[in-house]
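> sequence first, then the predicted structure, then my questions.
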Amino acid sequence: MVTVKCFDCGKTIKLDYIKKKIRCPYCGSKILFKPKVICTKVEAV
């Protein structure tokens, strides 16, 4: 599931809601972003 976050309040919003409206449902902000997922690689010894 793809989610975006609000830049102002930091709440996570489902992408399904964003397809209908552009504003954050919690604070009304128009600035939303997709949080970057950091992957770490672990090597077995």
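That came through, no problem. Residues are numbered from 1 along each chain as shown.
> neighbours of residue 5, how many?
Using other Cβ atoms under 10 Å, residue 5 has 16 other residues around it. No exception for glycine: its C-beta is placed from N, CA and C like everyone else's.
> again, but for residue 4
17.
> tell me the pLDDT of it.
Residue 4 is assigned a pLDDT of 84 by the prediction.
> equivalent analysis for residue 1, please.
61.
> where exactly do the strands run in this structure?
Per DSSP state E, the chain carries strands over the ranges 3-6, 12-14, 32-33.
> go through those strands and name the closest to residue 45.
strand 3-6 (35.3 Å; Cβ to Cβ).
> other SSEs contacting that closest one?
Applying 3 or more Cβ pairs under 8 Å, 6 or more residues apart in numbering; DSSP states H and E, we find strand 3-6 packed against strand 12-14, helix 15-20, strand 32-33.
> just how off-centre is the second one within its chain?
Right, the one you point to is helix 15-20. Distance of helix 15-20 from its chain centroid, counting by Cα atoms, centre = their mean, to the nearest Å, is 11 Å.
> one step back: for the helices and strands packed on strand 3-6, give me JSON lines that also has mean pLDDT and distance to residue 43.
Listed next are the helices and strands packed on strand 3-6 as JSON lines, based on pLDDT from 0 to 100; distance: least, Cβ to Cβ, whole Å:
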{"stretch": "strand 12-14", "mean pLDDT": "84", "distance to residue 43": "32"}
{"stretch": "helix 15-20", "mean pLDDT": "73", "distance to residue 43": "34"}
{"stretch": "strand 32-33", "mean pLDDT": "74", "distance to residue 43": "32"}
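> reformat these as CSV; add distance to residue 5 and mean neighbour count.
Converted to CSV, those look like this (distance: least, Cβ to Cβ, whole Å; neighbours: other Cβ atoms under 10 Å):
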stretch, distance to residue 5, mean neighbour count
strand 12-14, 6, 13
helix 15-20, 11, 11
strand 32-33, 6, 12
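> cool, thanks, signing off.
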